[in-house]
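Trainee: My questions concern the predicted model and sequence given below.
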Amino acid sequence: LLLSVVREDLLAAWQAGIPEDAPDTFLLDIAPGEVEPLRALLAAELGAEPPFYPVVQGRLAAINGREVAPEDYASPRARETATRELNLSWRGRLPPDNRVLEGRWWGDDPGAEWSVAREYAEQAGLAVGDTLTVRVDGEPVSGTVTSLREVDWTTFNPNFFVIAAPGMLEAAQPDYLTSVHLGDAADRLLPQLSERFPAVTPIDVSAVLAAARRIVRQGAQVVALMAGLALAAGGVVLL
């Protein structure tokens, strides 16, 4: 009975917590040469210039000089940190959706430094002061973890588990990504983007959210059905 009452309230509260102008579309796999033309198109069509984030692929290689292996971790989720690819980026300033919990964000002249999201640090067993080594394009890149961050993932802005200080990853060949609020202009702009930038991958977050809401409702209905069957069976046993 409680589930049937609160499920719609939970969905409504979740939706109300998302700002009206929150990004509803992610654009991935943007080549370096497409950044400025795409920025100009979005500025002309939307009157805004969203930030573009460089992204390179890496894999956790070592912590404090000791190579990391999946069997080093007990939980399956923690073992994924040693096997999955990481989306790495670099930033000069602290992202607006992030807050430093431990350590410090780097200054204007940073060295080889990493900033790690708290969730990832807990899974990988990282702490401020540890030396983190990741493998990018087969080459190890090492630096000191100088901060742990709390990330607000609900803003639908691009965020990263691991961020490098400027100067560490620029030798790699990055792709770029951005997020934009298309709103009612999505039906008009998405075909235009696909035509002018065929290699760019758009992800419609609004469609993902609609699917998530549908799955939550279906799950709640299944649980309610099972609760009803349990109550009916209990009534039969009581009689």
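Mentor: Received, thanks. Numbering: from 1, shown residues only.
Trainee: If we ignore the residues flanking it in sequence, what's nearest the residue most central in space within the chain?
Mentor: Geometric centre of the chain, nearest residue: N159, 4.9 Å, by Cα atoms, centre = their mean. Residue nearest to N159 in three dimensions, not counting chain neighbours: V151, with 5.0 Å by Cβ to Cβ, 6 or more residues apart in numbering. Bear in mind the C-beta positions are built from the backbone N, C-alpha and C, glycine included.
Trainee: picking that back up, verify the stated contact: the residue nearest to the centre of the chain with R99.
Mentor: No - in this structure N159 lies outside contact range of R99 using Cβ atoms under 8 Å: 11.8 Å.
Trainee: and the gap between L46 and D184?
Mentor: When Cβ to Cβ, to the nearest Å is applied, the distance between L46 and D184 equals 11 Å.
Trainee: These two: which is more packed in?
Mentor: Neighbour count, other Cβ atoms under 10 Å: between L46 and D184, L46 has more, with 15 against 7.
Trainee: and the gap between L38 and I203?
Mentor: The span separating L38 from I203 equals 15 Å under the rule Cβ to Cβ.
Trainee: Of these two, which one has the most company?
Mentor: Shown here are L38 and I203; by other Cβ under 10 Å, L38 has more neighbours (22 against 13).
Trainee: show me what contacts the more buried one?
Mentor: With contacts defined as Cβ atoms under 8 Å, 6 or more residues apart in numbering, the neighbours of L38 are L27, I30, T178, L193, F197, V200.
Trainee: Name the residues of the host helix or strand of F26 that come out as buried.
Mentor: In this structure, F26 is located in strand 25-30 according to DSSP states H and E. By neighbour count on 16 or more other Cβ atoms under 10 Å, the buried set for strand 25-30 is T25, F26, L27, L28, I30.
Trainee: okay, the second one: pLDDT?
Mentor: Confidence per residue is given as pLDDT, and for F26 that number is 91.
Trainee: any idea what sits nearest it, other than its immediate chain neighbours?
Mentor: Nearest residue to F26, sequence neighbours excluded (Cβ to Cβ, 6+ apart): I203, at 4.3 Å.
Trainee: tell me which element that neighbour is part of?
Mentor: When secondary structure is defined using DSSP H and E, the element that contains I203 is strand 201-204.
Trainee: Next, the buried residues of that strand.
Mentor: Taking 16+ other Cβ under 10 Å as the basis for neighbour counts, the residues of strand 201-204 that come out buried are P202.
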